[in-house]
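Asker: Here is a sequence together with a model predicted from it:
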Amino acid sequence: MTTPIAAPRRILLGITGGIAAYKSADLVRRLRQQGAEVQVVMTDAATRFVTPLTFQALSGRPVRYGLWDEAAEAAMGHIELARWADLVLVAPASADFLARLAAGRADDLLATLCLATEAPIWVAPAMNRLMWANAATCANVATLTGRGVQLLGPDCGSQACGETGPGRMLEPAAIVEALHAAEGAGALAGLHVVISAGPTREPLDPVRFISNRSSGKMGFAVAAAARDAGARVTLVSGPVSLPTPAGLRRIDVETAAQMYAAVHGAIGDADIYIGAAAVADYTPTCCASQKIKKTSDCLELSLHKAADILASVSALERRPFTVGFAAETNDVERHALGKLVRKHLDLIAANEVGTDRAFDREDNALLLLWPGGRRQLELKSKADLAREFIALVAERYRETPRCAVSPVPALV
Ligand code: C5P
């Protein structure tokens, strides 16, 4: 079965030593036609079959091939390169490369990247039919597929060595087709995901309101990532100045009460709710019908607690998989864990906010906590972070029993 993947926009194409390397030129061209960014990494042997210059021209990026290339490492180190990729595709994958991958070697740049990446790895083997049938290769392939590496091919037919049999690299068009098929079966395919994003505004009078610094960028990035993972997305947004990501339904609201109503209006058939909005905790007890005048030195505001949207969703009888966010200025993990427990959530994403952190920035880091587990997602662009976050949401969604309130974990 093909591993479900989100639409891979950044493909790290590994090319190893084999006659079929010439076909990879066509593969790069086709992948780029589909809108993917392609970074080619060649093994030393591959450069003896086709020059890196060919791939540089076709991919529009300098080809990487050395583990010790100081200039290239300074621009984008091999670990960054491993993180950059949505998908690692090795085509052609030689018998030697499959053996090194199975053994977990890090003796050249491509093997090292495969060890260092969290992205799915796909391999399109190409070799002589007897090499393919050899027990050592069979064992290596079994090890790799057992670890989740996706095998593309090989094809059967005439080989460069003059023999006929299985071992030809799959044609580039068939590889691109396999990518499309996997996209269709994205990690959230067929699911309805409701996401709240941005701040709310609680009016004090016709011209003033209480609000917060949320820009909505994280919630919008999460909505786009959920869409890319195949979900039908409803985005309930507070007042933000962000364009609507293509292909999703957006409902604009202003106050916490309006957000409550919009979320509950959309949640009926939702499979997942992600509360990424910075909803007001308190709202003015009454909103003056006319502008409040500067008549006294001191003005006291009377506020009451706003209804907690997230807690109300997780308390529904037919509850969706419920995910919260926790923006904290201190003791991030302790406070977030408290919210996970109190609000009966399936997952919570915590981040530290304050001067220069999280709000209205392009990057962020998240600590993900769920009953019995935790994962730290390091500082990166909100788009990349959202993709990793959604991948974990999908994983937890699949592993969490439905129709039950999560067991309440003990506070530590
Ligand atoms: O308790 P706190 O406001 O810190 O919790 C944050 C989480 O709760 C976020 O996911 C936020 O969207 C949600 N929330 C809510 N309704 C509120 C306040 C917070 O849904 N009134």
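Answerer: Here it is on my side, so go on.

Asker: What residues of the helix or strand harbouring residue 366 count as buried?
Answerer: Assigned by DSSP states H and E, residue 366 belongs to strand 363-370. By 16 or more other Cβ atoms under 10 Å, the buried positions in strand 363-370 come out as 364, 366, 367, 368, 369, 370. C-beta here means a position set from N, CA and C on the backbone, and glycine is covered the same way.

Asker: Could you list which of those residues also contact the ligand?
Answerer: Among the buried residues of strand 363-370, no residue sits close to the ligand (Cβ under 6 Å from any ligand atom).

Asker: what's the pLDDT at residue 189?
Answerer: Residue 189 is assigned 83 on the pLDDT scale.

Asker: what does the stretch 101-250 of the chain put close to the ligand?
Answerer: Residues of the stretch 101-250 of the chain lying near the ligand (Cβ under 6 Å from any ligand atom): residue 196.

Asker: Dihedrals phi and psi, the nearest residue to residue 367 once chain neighbours are set aside?
Answerer: Nearest non-adjacent residue to residue 367, counting by Cβ to Cβ, 6 or more residues apart in numbering: residue 350, 4.6 Å away. Dihedral pair for residue 350: phi -110, psi 140, per degrees, to the nearest 10.

Asker: Same check on residue 330?
Answerer: Dihedral angles (degrees, to the nearest 10) for residue 330: phi -160, psi 160.

Asker: gap between it and residue 39?
Answerer: The gap separating residue 330 from residue 39 is 40 Å, by Cβ to Cβ, to the nearest Å.

Asker: Kindly report the same for residue 324.
Answerer: Remark: distance between residue 324 and residue 39 (Cβ to Cβ) = 36 Å.

Asker: out of the two, which sits in the busier spot?
Answerer: residue 324 (26 against 22; other Cβ atoms under 10 Å).

Asker: so what strands line up beside the helix or strand that that one is a member of?
Answerer: In this structure, residue 324 sits in strand 321-328 according to DSSP H and E. If you go by DSSP bridges, strand 321-328 pairs up with strand 272-275 (parallel), strand 347-352 (parallel).

Asker: and the angle for the helix or strand that comes right after it with strand 321-328?
Answerer: Counting by DSSP H and E, the next helix or strand C-terminal to strand 321-328 is helix 332-342. Interaxial angle, helix 332-342 versus strand 321-328 (axes from the mean of the first three to the mean of the last three Cα atoms, to 10 degrees): 140 degrees.

Asker: got the angle between helix 332-342 and strand 363-370?
Answerer: Interaxial angle, helix 332-342 versus strand 363-370 (the same axes, to 10 degrees): 50 degrees.

Asker: And the strand holding residue 324, how far out from the chain middle?
Answerer: 17 Å (Cα atoms, centre = their mean, to the nearest Å).

Asker: Which residues does that strand contact?
Answerer: 218, 271-276, 278, 310, 313-314, 332, 335-336, 339-340, 343-353, 358-359, 393, 396-397, 400, 402 (Cβ atoms under 8 Å, 6 or more residues apart in numbering).

Asker: and the gap between residue 149 and the ligand?
Answerer: Noted for residue 149: a distance of 36 Å to the ligand, by Cβ to the nearest ligand atom, to the nearest Å.

Asker: one step back: pull out the buried members of the contacts of strand 321-328.
Answerer: 218, 271-276, 278, 310, 313-314, 332, 335-336, 339-340, 343-353, 358-359, 393, 396-397.

Asker: what's the domain layout of this structure?
Answerer: Using automatic domain parsing, the domain parsing of the chain gives 10-185, 192-399.

Asker: Let me have these in TSV, extended by mean pLDDT.
Answerer: As requested, the domains of the chain are exported to TSV (pLDDT from 0 to 100):
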stretch	mean pLDDT
domain 10-185	90
domain 192-399	93
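
Asker: residues touching the residue lying closest to residue 139 once chain neighbours are set aside, list them.
Answerer: Closest residue to residue 139 apart from its sequence neighbours, by Cβ to Cβ, 6+ apart: residue 102 at 7.7 Å. Taking Cβ under 8 Å, 6+ apart as the contact definition, residue 102 lies against 139, 140, 141, 143, 144.
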